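Q: I would like to see how this sequence folds:
(2 chains)
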Protein chains: 2
Amino acid sequence: MLVGHPHSTTSKEDKEYAFEMACSNIRYGPGVTAELGMDVESLGAKNVLVMTDKNIANLPPMTKVVDSLTSRKINFSVFDDVRVEPTNESFEAAISFARAGNYDAFVAVGGGSVMDTCKAANLYAADRDAEFLDYVNAPIGKGKPVTVKLAPLIAVPTTAGTGSETTGVAIFDHIPLSAKTGIAHRALRPLLGLVDPLHTLSMPRTVATYSGFDVLCHALESYTALPYTERQPRPPHPQLRPAYQGSNPISDVWARDALKTISKYFIRSVEDPEDVEARSHMHLASAVAGIGFGNAGVHLCHGLSYAIAGNVKTYKPELYNSSHPLIPHGLSVVITAPAVFQFTAPACPARHKEAAVLLGGKADVKDEDAGLALADVLRTYMQALGIEDGLTALGFGSSDVPRLVEGTLPQHRVTKLAPRQQTHEQLGDILHNSMTVY
Amino acid sequence: MLVGHPHSTTSKEDKEYAFEMACSNIRYGPGVTAELGMDVESLGAKNVLVMTDKNIANLPPMTKVVDSLTSRKINFSVFDDVRVEPTNESFEAAISFARAGNYDAFVAVGGGSVMDTCKAANLYAADRDAEFLDYVNAPIGKGKPVTVKLAPLIAVPTTAGTGSETTGVAIFDHIPLSAKTGIAHRALRPLLGLVDPLHTLSMPRTVATYSGFDVLCHALESYTALPYTERQPRPPHPQLRPAYQGSNPISDVWARDALKTISKYFIRSVEDPEDVEARSHMHLASAVAGIGFGNAGVHLCHGLSYAIAGNVKTYKPELYNSSHPLIPHGLSVVITAPAVFQFTAPACPARHKEAAVLLGGKADVKDEDAGLALADVLRTYMQALGIEDGLTALGFGSSDVPRLVEGTLPQHRVTKLAPRQQTHEQLGDILHNSMTVY
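A: Take a look at the predicted model:
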């Protein structure tokens, strides 16, 4: 068990000894979107940019947002051209739109793609002279810290999902390198997330499935992340402590709570879109897991997913109404999860066993079978919810593995948080082992 | 079970339907106080007021604070005249001191008394023209909302304890009315809490005991508080949603986590002051429970405690080194806890049973015995740790009950959060039933 972090922190080594507690600014409640106009009014905002995508634009969440702003006579524009699984080009289109107006507040209505695009638009509208790559994570971009003051952003998530409403991260596909990367700084975090579970009733089955697996992987990866006491080096100044700090007693609380909720409600929430109770709990679990991973970090499933999604060939998911090939984020994340946790389990078998039990697995498992036990539980969920049978079903073959490994290597920010460090060959093995899942 | 809040929130009644998630700004780690000077430097502060009490002034926590500030060449003054269980007079002395300087940051080194005094000094130094009662909770004071900008306050808690580092509340004894009251506004919350478990090694046994029972009651009261979906009326504006919102799925997570830690480490942490692991876990549990109750609220144990402590006669606790009679906060809180939870259990027996089990009680208890089961578990802890045998042992008799009830009635802010509302007679019964505990 790694739970006893506080005990292990008196070592003399140059390891981390402190962590910042997760912090959130989330309001939860069915119908809570009705308060949006009052919140915007309290901010003193006079000219608001509402961002969404073409699917959400005609759905109830957007109607509620518009009604609430209109009822308080707030002036707003709508940008509904967010791309699902955004790219540097779609980010730049949103940035141009935002720069052309003089907006003093932003509202994002949608899933992770919309919230992330809105964060980027807010940042570059606040720093009108910045080049796009200035703030993008190194080594792809310059990784400049954010010192300009952003306008307030209120996020209204419509999936149970990314937890992007709780984080300062914006992820996109960098087309020139076929790689996902992002912009990460706490200044990007929404001022307020309105978590209104009624919005998730609009989610198609595949969206509920893939976004739910994203929540599941957020919780599992943050729970099995390198303990904060093992992170090296200890930062010379508290301001240099990274946002992703490794697992700690507080992120553990969030992760375990999310796993319990998933065990009880995930499958129900997909099977019956009218199951308000199940969808409500999953919507809250999405924010809960978001706070957890925003504090502890994620690791290999996410690190690999960026290369997988960035190298999509012709795959198009059902019910996504997309004009371009795309692998939804949650699908690209979960597809390697059974192989990832079989690889990481030897580093902390107790945590892998505990996670498997929280998800409904057996309790009496030997340490050496911990990875297999968790992988088996994951396969049960994946099969029950109709997840494609591995990377092969997403259009990849063995010959793609070297390119996927290359795409994963730059994702240090997350891969180094795995409890077990990886060679290129080991990353390749995980991908080979993910060609078929069942 | 009340866990299914999200399901019950679609009612048409004028009940609350939303809650704000708990938020914290805590950094945890053994030795983390060494970073204080760098944090103060990052704030750009040039003239710092460090507050503490005469006991802490010569103990290691204060040495570490002074060393850290000195190492960064930061100019600071020390006020070490904080009164344990502060009063309006001791608050006013601290305020005068703060107003006489021109401080641009505050550091509080101590337990709840020090942190609360420092919050008040910061507030009234920022609003130099305010009368003392302006910001004090109504009906004793005018309950004015805080609109002035406070200086940053960094809290370094030395007990495992009040959780005051996580809250915007400052409690004191209002001598003219023999009643505890306070100042409550989120603007008072410390910018940063440095939770350094090494400091708790300085706690005398009785301080560890009483402050630990405060943590226990924070967790139990917030876990059994009125659910947020039952709070009436629904606020007409989100800014009018109170800080104490009633129990909700997120405060529940914090409360349960604190109860589990208490069950595992509380008694160990008192028995052996050198048990770093146990004291570390209790120190973190104090902040965890603080975030939970700062979000959900506390109810009857705290409501009654203000009258009990405010009417102290001659009681002086061991090892407190106090010149005046005082009932330590945690003692005044826990002394009625067995009677309180026997009273509240019929409103939500499942939660009372679950709390008892988390604290180590039996699982197979009937609903009608839920209150007794929890009371019995509490008595086990109280007896093991040598808590005085009821109000009688603290110097009270039956004839004091009417005065204690009168002192409790103005504490609406907390008593209305009990899951079962109380008549004057019922409050009197709880006090009578607390005359002896075992």
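
Q: can you pull the pLDDT of A:Asp53?
A: What the model reports as pLDDT for A:Asp53 is 96.

Q: buried sites along the longest helix seen in chain A?
A: If you go by DSSP state H, chain A has its longest helix at helix A:249-271. For helix A:249-271, the neighbour count (16 or more other Cβ atoms under 10 Å in any protein chain shown) marks A:249-267, A:269-270 as buried. Every residue, glycine included, has its C-beta placed from N, CA and C.

Q: so which of those also contact chain B?
A: A:Pro249, A:Ile250, A:Val253, A:Trp254, A:Asp257 (Cβ under 8 Å from any Cβ of the partner chain).

Q: distance check, the second one against B:Lys142.
A: Distance of A:Ile250 to B:Lys142, given as Cβ to Cβ, to the nearest Å: 37 Å.

Q: how about A:Arg128?
A: For A:Arg128, the distance to B:Lys142 - Cβ to Cβ - is 46 Å.

Q: kindly report the same for A:Glu92.
A: 53 Å.

Q: more neighbours: which of the two?
A: For A:Glu92 and B:Lys142, the more surrounded residue by other Cβ atoms under 10 Å in any protein chain shown is A:Glu92, and the numbers stand at 16 against 13.

Q: next, that one: secondary structure please.
A: helix (DSSP: H, G, I helix; E, B strand; the rest coil).

Q: identify the residue spatially nearest to it, adjacent ones excluded.
A: A:Phe132 (6.0 Å; Cβ to Cβ, 6 or more residues apart in numbering or on different chains).

Q: give the residue spans of chain A that score low on pLDDT.
A: Scanning chain A for pLDDT under 70 picks out A:1-13, A:21-23.

Q: got the domain ranges for it?
A: A:5-20+A:203-432, A:31-195 (automatic domain parsing).

Q: got the ones you listed as CSV, with distance to B:Ala219 columns?
A: Shown next, in CSV, are those (distance: least, Cβ to Cβ, whole Å):
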stretch, distance to B:Ala219
domain A:5-20+A:203-432, 13
domain A:31-195, 24
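
Q: so which of the ones you listed gets nearest B:Pro346?
A: Across the domains of chain A, B:Pro346 has its closest neighbour in domain A:5-20+A:203-432 (25.6 Å, Cβ to Cβ).

Q: please state the offset of that closest one from the chain centre?
A: Mean C-alpha position of domain A:5-20+A:203-432 versus that of the full chain (Cα atoms, centre = their mean, to the nearest Å) differs by 10 Å.

Q: and the stretch 151-300 of chain A, which residues reach chain B?
A: Residues of the stretch 151-300 of chain A lying close to chain B by Cβ under 8 Å from any Cβ are A:197, A:237-239, A:248-250, A:253-254, A:257, A:276-277, A:280-281, A:284, A:287-288, A:291.

Q: quickly note the distance from A:Thr70 to chain B.
A: Remark: distance between A:Thr70 and chain B (Cβ to the nearest Cβ, to the nearest Å) = 17 Å.

Q: residues in contact with that residue?
A: A:Gly37 (Cβ atoms under 8 Å, 6 or more residues apart in numbering or on different chains).

Q: is A:Pro227 bridged to anything, and to what?
A: Beta-bridge pairing for A:Pro227 (DSSP bridges): A:Ser247.

Q: burial check on the residue lying closest to A:Ala345 once chain neighbours are set aside, number of neighbours?
A: Of all residues not flanking A:Ala345 in the chain, A:Gly371 sits nearest, at 2.9 Å (Cβ to Cβ, 6+ apart). A:Gly371 has 24 neighbours, counted by other Cβ under 10 Å.

Q: show me what contacts A:Gly371?
A: When contacts are counted by Cβ under 8 Å, 6+ apart, A:Gly371 touches A:Phe341, A:Gln342, A:Phe343, A:Thr344, A:Ala345, A:Pro346, A:Pro349, A:His352.

Q: please, which helix or strand holds it?
A: Element membership for A:Gly371 (DSSP states H and E) is helix A:370-384.
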